[in-house]
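[1] just a sequence and a predicted model for now, questions to come.
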Amino acid sequence: MAEGTGTKAQIGVTGLAVMGRNLARNLARHGHTVALHNRTATRTRALVEEFGHEGTFLPSDDPAAFVASLERPRRVVIMVKAGMSTDAVIDEFAPLLEAGDMIIDGGNAHFEDTRRREAALRERGLHFVGTGISGGEEGALNGPSIMPGGSPEAYAALGPLLEDIAAKAADGTPCCTHIGADGAGHFVKMVHNGIEYADMQLIGEAYDLLRQVAGYRPAEIAEIFRTWNTGRLDSYLIEITAEVLAHTDAATGRPFVDVVADSAGQKGTGRWTVQTALDLGVPVSGIAEAVFARSVSGHAGLRQAAG
């Protein structure tokens, strides 16, 4: 860890919940000096104390000091909850930045919000790069798929860093490229999530048919899914479904899938995909039905009342 040594950071991360923390660690592990900031300073200190051995971090409690610790052009990655929190962080940091600097939003923002923010910051001479990040907590740490939008000029300055930490294809190609202007990165991430909704619904319905119609037990279905995972259906979702189906609840000895609540939540990207498809006149019936199935799932009380 470097602190107060005159070293400048190549990139900074503000918002150090799990995704932001793991992204910062990924950057540091790849040899990049990373400036750190969080609204609550205890989280910044905790990251440095626990993971400071992984690379060079420059922690700051003060936004101005955080910005001052960055080399030009400054690259500020925002990893906060999408919505008003993102706007609040932008309003806090934008006045501290100079022309040519960039703000990278790694949250699950709606692409129209990203377009609005990009246009507003462009007028101030700043780059705004709405960036989809896929892979969850493990991906952020060990190599996510990264979908940056924004201007080509911003990507020229930011792309090498993102490509360095991204997941790699079998031939070594980074799972990262410039998607397109303004909100394109978040648009693609939205559609990606919508497709994933449909994939998970298909998996759920396959399980239901095997359980309710064919009469297989969860452990037997787990073996079927493992077999599927050795062929064309090989995927992370199939893999973890098999693991869940094979798991037994320690307290009851019953299959875990029979104990866990059958109520699924959603963060909104699937719904946004369907709404946008309706606006554009694009049929996405599989995704739409998956979103509706989650809505039905979330109304556990109504389902029970209906028998």
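    Ah, there it is.

[2] make sure residue 189 is indeed in a helix.
    Yes. Assessed by DSSP: H, G, I helix; E, B strand; the rest coil, residue 189 belongs to a helix.

[3] what separates it from residue 167, distance-wise?
    Distance, residue 189 to residue 167, by Cβ to Cβ, to the nearest Å: 15 Å. (Each C-beta comes from the backbone N, C-alpha and C, glycine too.)

[4] who has more neighbours out of these two?
    residue 189 (26 against 16; other Cβ atoms under 10 Å).

[5] so for the more buried one, what's the pLDDT?
    Here, the pLDDT recorded for residue 189 equals 97.

[6] I'd assumed residue 107 was in contact with it.
    No. Taking contacts as Cβ atoms under 8 Å, residue 189 lies outside contact range of residue 107: 9.8 Å.

[7] got the domain boundaries for this structure?
    11-182, 189-306 (automatic domain parsing).

[8] deepest of those, which one?
    Mean neighbour count (mean count of other Cβ atoms under 10 Å) peaks for domain 11-182 among those, with a mean of 19.

[9] give me the average confidence score over that one.
    97.

[10] which other residues reach stretch 71-85?
    By Cβ atoms under 8 Å, 6 or more residues apart in numbering, the residues outside stretch 71-85 that reach it are 8-17, 19-20, 23, 67, 70, 86, 89-90, 93, 97-98, 100-110, 113, 127, 157-158, 161.

[11] I meant to write stretch 235-252 there.
    Contacts of stretch 235-252 (Cβ under 8 Å, 6+ apart): 196, 199-200, 203, 207, 218-219, 221-223, 225-226, 228-229, 254-259.

[12] 10 Å - rerun?
    For stretch 235-252, contacts defined as Cβ atoms under 10 Å, 6 or more residues apart in numbering pick out 135-136, 138-139, 196, 199-200, 202-204, 206-207, 210-211, 216-231, 254-260.

[13] hmm, residue 131 is touching residue 140, no?
    No. If you go by Cβ atoms under 10 Å, residue 131 and residue 140 don't touch, sitting 11.8 Å apart.

[14] quick one: what helix or strand has residue 288 in it?
    In the assignment (DSSP states H and E), residue 288 maps to helix 285-298.

[15] give me the mean pLDDT for the following helix or strand past that helix.
    Reading on from helix 285-298 to the C-terminus, the next helix or strand found by DSSP H and E is helix 300-306. Averaged across helix 300-306, the pLDDT comes to 80.

[16] helices or strands up against helix 300-306?
    helix 285-298 (3 or more Cβ pairs under 10 Å, 6 or more residues apart in numbering; DSSP states H and E).

[17] what mean pLDDT does stretch 240-260 get?
    Here the average pLDDT along stretch 240-260 is 95.

[18] hey, C-alpha coordinates of it in CSV?
    Only the C-alpha atoms of stretch 240-260 are listed here, as CSV (Å, rounded to 0.1, in the frame of the first residue of the first chain):
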residue,chain,number,x,y,z
ILE,A,240,-25.1,-23.5,-10.1
THR,A,241,-28.7,-24.9,-10.6
ALA,A,242,-27.2,-28.4,-10.3
GLU,A,243,-25.4,-27.4,-7.1
VAL,A,244,-28.6,-26.0,-5.6
LEU,A,245,-30.6,-29.0,-6.5
ALA,A,246,-28.1,-31.4,-5.0
HIS,A,247,-27.9,-29.4,-1.7
THR,A,248,-29.7,-30.7,1.4
ASP,A,249,-31.0,-28.5,4.2
ALA,A,250,-29.0,-29.3,7.3
ALA,A,251,-31.8,-28.4,9.7
THR,A,252,-34.5,-30.6,8.2
GLY,A,253,-32.6,-33.1,6.0
ARG,A,254,-34.9,-32.2,3.1
PRO,A,255,-33.8,-31.0,-0.3
PHE,A,256,-32.9,-27.4,0.0
VAL,A,257,-35.2,-26.5,-3.0
ASP,A,258,-38.2,-27.7,-0.9
VAL,A,259,-37.3,-25.5,2.1
VAL,A,260,-36.3,-22.2,0.5
